[in-house]
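J.: Here is my input, please return the structure:
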Amino acid sequence: MKRLWMMVAALVWGLAVGAAGLGRLPVSPYPVRVDGDPREAFLLGARPLPMSDAVTGRPDGSVRAYALGTREGLYVAVLSTEPDGGRGLLRPLPWGAPEEWVLGDWVAVRLGEGAGTRLFMMVPGGMRTVLGEDGRPVEGPTLEWQGAESVFGRTWAGEWLIPWASVPEVAGGFRLEVLRGRKVRADGVAQESLAHGSPGPASWRWGGDGLAFAVPMLFPPAPTRPRALASYDVRPFIPAGEGAKEAVAAAPAGQEVTAWLEVPPGEGKVTVSVGPGLERLGLFRLDFWWQAGRREEIDALFPVRVAAGMGDVLVGERLFPEPKEGFQPDGMPQRFVVKGRVRAGAKPGTLLVPIRIERGGHVLGEIPWKVKVAPALPPPSRLVGAYYLDPKESHWGPDLRDLAGHGLTAVTCPARDTAGWRRFQEEAERAGLDGRWALHPGAIPAGEKGWAYVADEPATVEAIEGARKRALEQEARGLKPWAALAWPNSLSLAAVLDGVAVPPNLVRQVPGLPSAQRWVYVQGLREDPFYNRVWAGLLARAPGVGGLWVFCYAPPGNREADDWAGPMIRYDALVDPDGKGGRLDTVQFEALREGTVDGRLLDALGSRAEAVLERFPGAQAAVKGEYWRARDRGWSFEELRQALVTAWARP
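T.: Numbers count the residues shown, from 1 in each chain. Here you go, the predicted structure:
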């Protein structure tokens, strides 16, 4: 009866909102935290607000705003890209008459119209206040609100939580606008004026057109049970209707599978247990974080991406392993990844593995995990290598074992001398990898065989001729010269190279190259794991391509995590929870592993693979080199894997 009443109330409210011409504000079943970290806006599905330059009227992605309805009040988050990383943000400057505030940088949430206008203003690093339509400070018990700010890399972030009692209403709704004013420098003085609460034209000011929203009347009940999610779905917010009551996976015997879960917030530590049927089980928490560390939200450095509103991205990337005591509670829904390996001798069929989630010692829910099993795969027939650049010898053993565990077969050797070369070869042999790919050919002992790297994307005539000379010198030593070629004019080097690696845009040129070995090389880390999976699974099967090189796999020497370039992150590069220099897997590297298994299934199926690929629009185009055509075609890699495993399991 209660549910029926809520449905009727929602219908009546929806009809009233539509009749009044008011927009619907997304609402959250969870409370938000006002602590300067605006992840709630992304994790809870807040609505983006239009932001534009007040002078040109054009959209500008360097200032972004989001709004969300909560039971406690209106939540607004603002992200502002700062060219100097926030160092130039100003505190309030001296001001004169009450009707005109003279400020440095400021951000304001503007609510209401006419005499009822209220500007809930925040000055980075300084004051918070409320101004009325006349520009004068407004005080009163109904104007209580929360505000907090912080700087993430190159982004200033602010949060507002304004109780509904403090939101000026007009005809059952309210008008919302977000303004951003930057300092103006003139005659050695930095200032920005806000007169009469007007958002009118001003140098370096951004504002929205203002939107009218209905005041939320109904809020959905907070979910209490965990749900299964599609594998490798790293969207921060996944609507409730997209969850599932069971997890599904498919793999040949001896390969890893993953189940993705979301657990609602609550008190008590979260633990997960998995029933029998799989080996080498592990639980990991997916961490959503701002691009920080060495990356410093590096996308903000590219103006075209900033203008497109992509300067700041909340990335679901790092996989933190479960502590012995379980995961700490969180006010936001938590995403978990369960990993397990199908036994090497498992028979074809379907495993039903229960996943049990507990919080504070009480069972929160149980999710069945259906794993379709196919016969084991034959040994890899293609090279899957990584440009490994870490010179620190103590890292070699753990890193190479980690690479081998992700399905790679080869790795470059960063050693610069013969002693280092021999130690590296020992570690590579223990891990089951081919490590005879010298980045510094002088390290290879005389008379020993190996691959000599001679050039990295030469472009000029001088660079190409220099690479040609080095290739001939290495060939005279009895080594196999190879290089990465990225420019059409450099492809002429293939005549003197035993191996050539080209980027995806040159894959169609590969069949005509005279080199005996030809591969595609890719950047190994992207926010969207789709690319790693389509590159490793489909593109590396393009005509004439014999495998894949991943660039790169190397935290820099300063111990900070250059995670933008490396698909694995060390504990000692970011955090050190165990003091043992452990390693963190990333979603992107896991997707690369899955793509490698996809490709091995295609190779094992041989001519039978064509019938499978025909059922997935764009997949055959990706195999021919146009990898982007597999994107957004109405199917997922999870579905492709199920089809490949089903075909491989048939006699």
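J.: show me the contacts for Arg468.
T.: Leu493, Val496 (C-beta atoms under 8 Å, 6 or more residues apart in numbering). (C-beta placed from N, C-alpha, C; glycine too.)
J.: Next, give phi and psi for it.
T.: Dihedral pair for Arg468: phi -60, psi -40, per degrees, to the nearest 10.
J.: And it, how far from Val461?
T.: Arg468 sits at a distance of 11 Å from Val461 (criterion: C-beta to C-beta, to the nearest Å).
J.: do the same with Gly282
T.: Here Gly282 is placed at a distance of 52 Å from Val461 (C-beta to C-beta).
J.: Among these two, which residue is more densely surrounded?
T.: It is Gly282, of Gly282 and Val461, that has more neighbours when counted by other C-beta atoms under 10 Å, with 17 against 9.
J.: Dig out what Pro137 forms beta bridges with.
T.: On the basis of DSSP bridges, Pro137 is bridged to Leu131.
J.: distance of it from Lys183?
T.: Pro137 is 21 Å from Lys183, where distance means C-beta to C-beta.
J.: Just want to know which of these two has more residues nearby.
T.: Neighbour totals were compared for Pro137 and Lys183, and Lys183 leads with 18 against 12 (other C-beta under 10 Å).
J.: Verify the contact between the more buried one and Val123 for me.
T.: No. Shown here, Lys183 and Val123 do not form a contact pair, counting by C-beta atoms under 8 Å, at 10.6 Å.
J.: Quickly list what's touching both of these two.
T.: Common contacts of Lys183 and Val123 (C-beta under 8 Å, 6+ apart): Leu90, Gly104, Asp105.
J.: which residue packs closest to the first one, ignoring adjacent ones?
T.: With C-beta to C-beta, 6 or more residues apart in numbering as the criterion, Leu90 has its nearest non-adjacent residue at 2.4 Å, and that residue is Gly104.
J.: what sits against the closest residue to Arg343 other than its chain neighbours?
T.: If the residues on either side of it in the chain are set aside, Arg343 comes closest to Glu279, at 5.7 Å by C-beta to C-beta, 6+ apart. Contact analysis of Glu279 by C-beta under 8 Å, 6+ apart lists Gly340, Arg341, Val342, Arg343.
J.: repeat that with 7 Å
T.: Contact analysis of Glu279 by C-beta atoms under 7 Å, 6 or more residues apart in numbering lists Gly340, Arg341, Arg343.
J.: What of Thr129?
T.: Listed by C-beta under 7 Å, 6+ apart, the contact partners of Thr129 are Met121, Pro137.
J.: Check whether it sits in a helix, strand or coil.
T.: At Thr129 the chain is in strand, as set by DSSP: H, G, I helix; E, B strand; the rest coil.
J.: Now do it against Arg175, distance only.
T.: Here the distance between Thr129 and Arg175 works out to 20 Å (C-beta to C-beta).
J.: and if you look at Ala542?
T.: 54 Å.
J.: For the nearest residue to Phe530 once chain neighbours are set aside, grab the count of nearby residues.
T.: Of all residues beyond its chain neighbours, the one nearest Phe530 is Arg631 (6.6 Å), with distances taken as C-beta to C-beta, 6+ apart. By other C-beta under 10 Å, 12 other residues sit near Arg631.
J.: Same question for Lys449.
T.: Neighbourhood size, Lys449 [other C-beta under 10 Å]: 9.
J.: which ones are touching it?
T.: Applying C-beta under 7 Å, 6+ apart to Lys449 gives the contacts Arg436.
J.: how about a cut-off of 6 Å?
T.: Listed by C-beta atoms under 6 Å, 6 or more residues apart in numbering, Lys449 has no contact partners.
J.: Just the pLDDT for it.
T.: For Lys449, the pLDDT comes out at 94.
J.: if I look at the closest residue to Thr586 other than its chain neighbours, how far off is Gly361?
T.: Computed as C-beta to C-beta, 6+ apart, the closest residue to Thr586 that is not its neighbour in sequence is Glu317, at 5.2 Å. For Glu317, the distance to Gly361 equals 31 Å [C-beta to C-beta].
J.: neighbour count winner among those two?
T.: Glu317 (24 against 9).
J.: Name the SS class of that one, please.
T.: Assigned by three-state DSSP, the conformation of Glu317 is strand.
J.: quick one: it and Asp585 touch, right?
T.: No. Applying C-beta atoms under 6 Å, one finds Glu317 not in contact with Asp585, separated by 9.8 Å.
J.: how's the protein carved up into domains?
T.: Following automatic domain parsing, the chain resolves into domains at 2-214, 227-374, 383-606.
J.: May I see these arranged in CSV, with distance to Gln642 as well?
T.: As requested, the domains of the chain are exported to CSV (distance: least, C-beta to C-beta, whole Å):
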stretch, distance to Gln642
domain 2-214, 29
domain 227-374, 5
domain 383-606, 11
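J.: what about those, which gets the closest to Trp648?
T.: Counting by C-beta to C-beta, Trp648 lies closest to domain 227-374 out of these; the figure is 4.3 Å.
J.: Span of the closest one from start to end?
T.: One end of domain 227-374 to the other measures 26 Å (C-alpha to C-alpha, to the nearest Å).
J.: what's the answer for stretch 623-641, then?
T.: End-to-end for stretch 623-641, by C-alpha to C-alpha: 16 Å.
J.: Any chance you could list what contacts it?
T.: Contact with stretch 623-641 is made by 230-231, 250, 507-508, 533-534, 538-539, 541-542, 616-619, 621-622, as judged by C-beta under 6 Å, 6+ apart.
J.: switch to 8 Å and redo it
T.: Stretch 623-641 is contacted by residues 230-232, 248-251, 504, 507-508, 530-531, 533-535, 537-539, 541-543, 594-595, 597-598, 601, 612-613, 616-619, 621-622 when judged by C-beta under 8 Å, 6+ apart.
J.: Which among these count as buried?
T.: Neighbour counting by 16 or more other C-beta atoms under 10 Å classes 230-232, 248-251, 504, 507, 530-531, 533-535, 537-539, 541-542, 594-595, 597-598, 601, 612-613, 616, 618-619, 621-622 among the contacts of stretch 623-641 as buried.
J.: Please verify my assumption that Thr81 contacts Met51.
T.: No. When contacts are counted by C-beta under 8 Å, Thr81 is not listed as touching Met51 (11.5 Å).
J.: hmm, back to that, narrow the contacts of stretch 623-641 to those in helices?
T.: 530-531, 533-535, 537, 594-595, 597-598, 601, 612-613, 619, 621-622 (DSSP state H).
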